Structure formats: structure tokens, C-alpha cells
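>>> Structure, please.
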Amino acid sequence: MTVVAPSLAMFHAGKPWLDNYLLLAMSAIINLLSISCWAAGGHWLRMLVHLPRVMRVIHGLIVLMTLYCAVTLWL
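Residues are numbered from 1 along each chain as shown. Model prediction:
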């Protein structure tokens, strides 16, 4: 949004109040969609975390990712 917002402010040079409404509407729509995706993903993960088998897989992945990061930092 930070990259797009200044370009939208250039649309109505004579009416700066209109620019603010366009920026507000665009920011609200983008934020609503982004937050909705994160909330849905968190809800889905919460349902999975209660299963012991899934937790073992998640812990294994976290360990592998941590080891990968540690190895690539020292190479």
C-alpha cells in the first residue's frame, strides 16, 4: 500500500479531499482482505495443532528449518 498510495494521490490534483477518500477506501479493502486471510489461516492451524501427529510433523519441520538456517549462515 505504501508504494501504491502516492500514485493514487495524483489522480485529482484539484480535489485533495477526494484523494484521501480513495486512499482510505483502497487501504480498507486491502487490509480487510489481508487480515481475513491471516485469520482464516490461523483458525485452520489451530484445528490442526491439537492432533499429536501433526504437532510432531510441525516440530520436525521447525527443527529442519532451524538447522538449514544455521548451516547456511556459516557457509
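>>> so what secondary structure elements neighbour the biggest helix by length in the chain?
Longest helix in the chain by number of residues (criterion: DSSP state H): helix 16-49. Secondary-structure packing of helix 16-49 (3 or more Cβ pairs under 8 Å, 6 or more residues apart in numbering; DSSP states H and E): helix 4-8, helix 52-74. For every residue, glycine as well, the C-beta is placed using N, CA and C.
>>> Could you measure from residue 38 over to residue 53?
From residue 38 across to residue 53, the span is 25 Å (Cβ to Cβ, to the nearest Å).
>>> To clarify, my last question referred to residue 36.
29 Å.
>>> Can you check the pLDDT for residue 16?
pLDDT recorded at residue 16 is 64.
>>> I'd like the numbering to begin with 783 instead of 1 from here.
Yep, numbering from 783; the last one is residue 798 now.
>>> circling back: mind putting the helices and strands packed on helix 798-831 into TSV with distance to residue 825, mean pLDDT and mean neighbour count?
Conversion of those to TSV gives the following (distance: least, Cβ to Cβ, whole Å; pLDDT from 0 to 100; neighbours: other Cβ atoms under 10 Å):
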stretch	distance to residue 825	mean pLDDT	mean neighbour count
helix 786-790	29	62	12
helix 834-856	15	93	10
